[in-house]
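Engineer: please work out how this folds:
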Amino acid sequence: MLSYFKIRNFKSILDVMVDFSYAEGKAPNNYEQLNTIPFLEVDKKNRFVPCMAFYGANASGKSNVVTALLVLNQILKKGIIGHYFPNKLNSKYNYTFFEIEFYKDKNKYTYYIEYNSISIQKEKLLKDNKILYSIDKSSNNDFTNIQTEDYNADKFNNIIDVECSQFQNFELNEPMFNENKKIQIFPFLSRINIGYKGLNKDLVDAFNYLISSIVISLTNDIPYRVSLDVLSNHKKDNESLQQSFNKIAEILKKFDIDITRMSLNRELKNPQEQLTDMPAFVEHGVNNNILRFEYINSYHHDINNKEVKFNFFAEESNGTQILLSLIGFVLYSLENGAALIIDEIDRAIHPMILIQIIKMFKDKDYNKKDAQLIFTTHATDILSEDIFRISEVSVINKNLKQGTTTKRISDIKDKDIRNVTDFRKLYWNGILGGIPYPYI
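Structural biologist: The predicted structure follows:
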């Protein structure tokens, strides 16, 4: 589970720590007997929220918090080139850093990376506050706690030089002078896991969590096939896909949208064959130009209680289509104990349905593996529904000097704000900040 995420010099963000800790001190009375989850617990001293909602005005930087997590994910996969987005309005820093702390199997990991437009400057990984490795361009690298008889510091430095670095042509301070220099652009953590998976279990666990257990989308409108593939763990066989589809369809029906059942059909067709219905997905190059078409149908009862078939992506509403795909990500997170992070989760979704999605992460019957739901939203309706605790609502503000800042309701110490308080009223009255003041 996620503990915190620190961001420095990224888009509108100058220096922010996004804290996912349970910040109420005392646990609710008899919380172990409650069906609602007040917090996710590593031990009595380390408790974290199952949900976090980010509110704020347009252009306050809500999306940049989510984007920063996505960029960290992309850096681990593809390196830093093309992923440097410093604050353009305040040049206080000439580098970006991300620091993320998370728990995997009760072990605490902290990963840190600092970089600029040209190279990685620092990188380190800690387990339970003990450095596993540390890379620093301004001092000596430290691999003491991951070294083996076959892999010493010289071997690891060679991996950085050969596999993490590339020759880059960039202009130096001297005018009209260029140097072709080899610099690190790929994180050591990713390259060591690509070529040396059996070397160290902690490196594998940390990398796998960052890549697979943090699921990020900059929109709730997720492509249907991406959602289905993720839920089926990218298994392509018909049985796995059908099982995953059935799970999604079962939850969708519970959201009271008048669908009695759904079906997924896969057919092989010649690309020149005339289509009579809109496919949900087309897989190219199956066999000698024969394509695989997937069709999703939904079924409703008409006025005479007879079943009527609908082509799902041609005839169902945009909101219902969004829900179909979003549910796949929700179920993947719940089944795998992942952190699901969605920007603008409420787009085209009714607040009452959004409440049910949030409750899935706060219900012990659904959330059995410490999954987390983290999202941005403008849906203030849900702030009045007694589903959030004071640790679970964060308000985003922005100013020129500080950039984007975050403040949870639990951070407000000068007012008597409790979990029974109407958070929506506080927000609309400007007490929490994060609201625009438009005029015409």
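
Engineer: okay, and the beta partners of K309?
Structural biologist: Under DSSP bridges, the beta-bridge partners of K309 are Y299.

Engineer: contacts only, for it.
Structural biologist: Shown in contact with K309 (CB atoms under 8 Å, 6 or more residues apart in numbering): 297-299. Heads up, the C-betas are built off the backbone N, CA and C, glycines and all.

Engineer: which among the residues you listed gets closest to I257?
Structural biologist: Checking the contacts of K309 against I257 with CB to CB, the nearest one is S298 at 9.1 Å.

Engineer: need the pLDDT of M360.
Structural biologist: pLDDT for M360: 97.

Engineer: how about E273?
Structural biologist: Among the per-residue scores, E273 shows a pLDDT of 82.

Engineer: which SS state does it fall under?
Structural biologist: Secondary structure, DSSP: H, G, I helix; E, B strand; the rest coil: E273 is coil.

Engineer: and the gap between it and N141?
Structural biologist: For E273, the distance to N141 (CB to CB, to the nearest Å) stands at 60 Å.

Engineer: and M17, by the same measure?
Structural biologist: 27 Å.

Engineer: same check, this time on N158
Structural biologist: 11 Å.

Engineer: and if you look at I409?
Structural biologist: Distance of I409 to N141, given as CB to CB: 42 Å.

Engineer: of the two, which one has the most company?
Structural biologist: I409 (25 against 16; other CB atoms under 10 Å).

Engineer: tell me the pLDDT of the more buried one.
Structural biologist: Predicted confidence (pLDDT) for I409: 93.

Engineer: right, and it touches D416 too?
Structural biologist: No. The pair I409 and D416 fails to qualify as a contact (CB atoms under 8 Å) at a distance of 12.0 Å.

Engineer: all the strands of the stretch 51-200 of the chain, in order from the start?
Structural biologist: In the stretch 51-200 of the chain, the strands defined using DSSP state E, counting those that start in this stretch lie at 51-56, 96-104, 107-115, 120-127, 130-136, 165-171, 178-184.

Engineer: just the stretch 301-440 of the chain next, same as before
Structural biologist: For the stretch 301-440 of the chain, applying DSSP E, counting those that start in this stretch gives strands covering 307-311, 339-342, 372-376, 393-399, 403-408.

Engineer: got those strands as CSV, with distance to K359 columns?
Structural biologist: Putting these into CSV (distance: least, CB to CB, whole Å) gives the following:
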stretch, distance to K359
strand 307-311, 28
strand 339-342, 14
strand 372-376, 10
strand 393-399, 15
strand 403-408, 20
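
Engineer: out of the ones you listed, nearest to S63?
Structural biologist: Distance to S63, taken as CB to CB, is lowest for strand 372-376 among these, at 6.4 Å.

Engineer: pairing partners for that closest one, with directions?
Structural biologist: strand 51-56 (parallel), strand 339-342 (parallel).

Engineer: tell me what angle that strand forms with strand 393-399.
Structural biologist: Between strand 372-376 and strand 393-399, the angle comes out at 40 degrees (axes from the mean of the first three to the mean of the last three CA atoms, to 10 degrees).

Engineer: between the lengthiest helix in the chain and strand 372-376, how many degrees?
Structural biologist: Secondary structure of the chain per DSSP state H: the longest helix is helix 318-336. Counting by the same axes, to 10 degrees, helix 318-336 lies at 150 degrees to strand 372-376.

Engineer: oh, and call the first residue 49 from now on, that's how I've got it
Structural biologist: Got it, the first residue is 49 from now on, which makes the last one we talked about helix 366-384.

Engineer: output the contacting helices and strands for helix 366-384.
Structural biologist: Using 3 or more CB pairs under 8 Å, 6 or more residues apart in numbering; DSSP states H and E, the elements in contact with helix 366-384 are strand 262-265, helix 272-279, helix 286-301, helix 360-363, strand 387-390, helix 399-409, strand 420-424.

Engineer: separation between R437 and A101?
Structural biologist: R437 sits 11 Å away from A101, taking CB to CB as the criterion.

Engineer: that should have said P484, apologies.
Structural biologist: P484 is 18 Å from A101, by CB to CB.

Engineer: ok, V441 next?
Structural biologist: V441 sits 5 Å away from A101, going by CB to CB.

Engineer: distance from stretch 81-95 to the middle of the chain?
Structural biologist: 21 Å (CA atoms, centre = their mean, to the nearest Å).

Engineer: for it, measure first residue to last.
Structural biologist: In stretch 81-95, first residue to last residue: 17 Å (CA to CA, to the nearest Å).

Engineer: may I see the buried residues of it?
Structural biologist: 85-90, 94-95 (16 or more other CB atoms under 10 Å).

Engineer: looking at those residues, spot the one nearest P76.
Structural biologist: Nearest to P76 among these: P86, at 5.1 Å, using CB to CB.

Engineer: am I right that the closest one is in a helix?
Structural biologist: No. Using three-state DSSP, the assignment for P86 is coil, not a helix.

Engineer: so it makes contact with K74?
Structural biologist: No. Taking CB under 8 Å as the definition, P86 is not a contact partner of K74, at 10.5 Å.

Engineer: now do the shared contacts for the two.
Structural biologist: By CB under 8 Å, 6+ apart, no residue touches both P86 and K74.

Engineer: what about this structure, any weak spots by pLDDT?
Structural biologist: Within the chain, the segments meeting pLDDT under 70 span 217-228, 333-336.

Engineer: change it to 80
Structural biologist: Low-confidence segments of the chain (pLDDT under 80): 216-229, 319-320, 332-337, 433, 462-464, 468.

Engineer: mind listing what K59 touches?
Structural biologist: 109, 112, 115-116, 133-135, 452.

Engineer: how close does R466 sit to V378?
Structural biologist: 29 Å.

Engineer: more crowded one of those two?
Structural biologist: It is V378, of R466 and V378, that has more neighbours when counted by other CB under 10 Å, with 24 against 10.

Engineer: one step back: now which of the contacts of K357 would you call buried?
Structural biologist: 345-346.

Engineer: going by distance to E80, which of the contacts of K357 wins?
Structural biologist: S346 (40.7 Å).

Engineer: next, work out how far apart that closest one and V278 are.
Structural biologist: Look at S346 and V278: by CB to CB, they are 21 Å apart.

Engineer: cool, and K92?
Structural biologist: Taken as CB to CB, the span from K92 to V278 is 34 Å.

Engineer: likewise K175?
Structural biologist: Going from K175 to V278 by CB to CB gives 28 Å.

Engineer: buried set for the helix or strand that contains M65?
Structural biologist: Under the criterion of DSSP states H and E, M65 resides in strand 61-67. For strand 61-67, the buried set under the neighbour-count rule, 16+ other CB under 10 Å, comprises 61-64, 66-67.

Engineer: quick check: the two most widely separated of those residues?
Structural biologist: L62 and D67 (16.9 Å).

Engineer: not counting its neighbours along the chain, what's nearest D91?
Structural biologist: Leaving out its chain neighbours, the residue that sits closest to D91 by CB to CB, 6 or more residues apart in numbering is K154, at 7.9 Å.
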